[in-house]
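1. Structure of the sequence below:
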Amino acid sequence: MAASQAPESGSAAEEEALRDTLRRFLDASRHHLKFGYPGRIDRATRDLSEEDLWWRPSRASNSIGHLVLHLEGNLRQWIIHGVGGALDTRDRAAEFAAEPSPWAPLRARLDETLAEVDHLLAGLDPDVLGRPRTIQGVETTVLEAIYHVVEHFSMHTGQILWIAKARTGRDLGLYEIDEAGRVTGLNW
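-> Model prediction:
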């Protein structure tokens, strides 16, 4: 259908177009959370030592390890609890107070949570996206909760990339770049 031939307001075609847009929103959110951000984190952290993973420039800053704990807690509270209805067991303060621990189990825990989130979002009916929720004391909707988690994950992924660059002193090689400076591929 051409853009100038928009369906009548309230028509079946308009309802289907809205559902298609909402499904695309869910699919894009799932893609960012399942592949985009975790892939970048893996690329950035693959050559870091345990010391690098828990380094922070000051007590007011977060390490990569703390950020991964925080991302996992945020996913559980906003999606698994807030959208899916599971019990909210988050201890946000503990995410930032945690003592350094081995990276592999921490990263595996994030992957397990991301798999649970992906499964929940894959089965979500687009019709529920406008439903109200109260999460972390915030009045929101299911759609806004998902949007919050995606942007939150993006922000902290950027911080993780910055820390990795600061610790290694080199480019992370996330993109394949040709001689003209164009991105020709992704390395995550």
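
2. Can you tell me which residue is spatially central in this structure?
-> The residue lying closest to the centre of the chain (Cα atoms, centre = their mean) is F153, at 3.5 Å.

3. which element is it on?
-> helix 142-168 (DSSP states H and E).

4. Note down every partner strand of the next helix or strand after that helix and its orientation.
-> Next helix or strand after helix 142-168 toward the C-terminus (DSSP H and E): strand 175-177. Strand 175-177 sits in its sheet next to strand 183-186 (antiparallel), going by DSSP bridges.

5. With just CA atoms, put the strand it pairs with into PDB.
-> Extracted in PDB, the C-alpha atoms of strand 183-186 (Å, rounded to 0.1, in the frame of the first residue of the first chain):
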ATOM      1  CA  VAL A 183      31.700  -0.200   7.300                       C
ATOM      2  CA  THR A 184      31.700  -3.400   5.300                       C
ATOM      3  CA  GLY A 185      31.000  -5.900   8.100                       C
ATOM      4  CA  LEU A 186      30.500  -6.500  11.800                       C
END
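
6. How far off centre is it?
-> The chain centre lies 21 Å from the centre of strand 183-186; the measure is Cα atoms, centre = their mean, to the nearest Å.

7. and if you look at stretch 112-121?
-> With Cα atoms, centre = their mean, you get 11 Å for stretch 112-121.

8. what about it, average pLDDT?
-> Averaged over stretch 112-121, pLDDT sits at 98.

9. And for stretch 162-175?
-> For stretch 162-175, mean pLDDT rounds to 94.

10. Check which residues of it are buried.
-> Neighbour counts using 16 or more other Cβ atoms under 10 Å place 163-164, 167, 172 of stretch 162-175 among the buried residues. Where you see a C-beta, it was placed from the backbone N, CA and C, and this is true even at glycine.

11. Ok, stretch 33-46 next?
-> Neighbour-count burial for stretch 33-46 flags 33-34, 36-38, 40-41, 43-45 (criterion: 16+ other Cβ under 10 Å).

12. swap in stretch 99-111?
-> 103, 106-107, 110.

13. As a check, name the ranges of all strands in this structure.
-> All strands of the chain, identified by DSSP state E, fall at 132-135, 138-141, 175-177, 183-186.

14. how about the CA coordinates for stretch 92-112, as PDB?
-> In PDB, the C-alpha atoms belonging to stretch 92-112 read as follows (Å, rounded to 0.1, in the frame of the first residue of the first chain):
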ATOM      1  CA  ARG A  92      20.100  -3.400  43.100                       C
ATOM      2  CA  ALA A  93      22.600  -2.200  45.700                       C
ATOM      3  CA  ALA A  94      24.300  -5.600  45.700                       C
ATOM      4  CA  GLU A  95      25.000  -5.300  42.000                       C
ATOM      5  CA  PHE A  96      27.300  -2.400  42.600                       C
ATOM      6  CA  ALA A  97      28.800  -3.600  45.900                       C
ATOM      7  CA  ALA A  98      29.800  -7.100  44.600                       C
ATOM      8  CA  GLU A  99      33.300  -8.300  45.100                       C
ATOM      9  CA  PRO A 100      35.200  -9.400  42.100                       C
ATOM     10  CA  SER A 101      34.300 -12.900  41.000                       C
ATOM     11  CA  PRO A 102      35.200 -15.100  38.000                       C
ATOM     12  CA  TRP A 103      34.000 -13.700  34.600                       C
ATOM     13  CA  ALA A 104      32.800 -16.900  32.900                       C
ATOM     14  CA  PRO A 105      30.000 -17.700  35.400                       C
ATOM     15  CA  LEU A 106      29.000 -14.000  35.600                       C
ATOM     16  CA  ARG A 107      28.700 -13.800  31.800                       C
ATOM     17  CA  ALA A 108      26.900 -17.200  31.600                       C
ATOM     18  CA  ARG A 109      24.300 -15.800  34.100                       C
ATOM     19  CA  LEU A 110      23.700 -12.800  31.900                       C
ATOM     20  CA  ASP A 111      23.300 -15.200  28.900                       C
ATOM     21  CA  GLU A 112      20.700 -17.300  30.800                       C
END
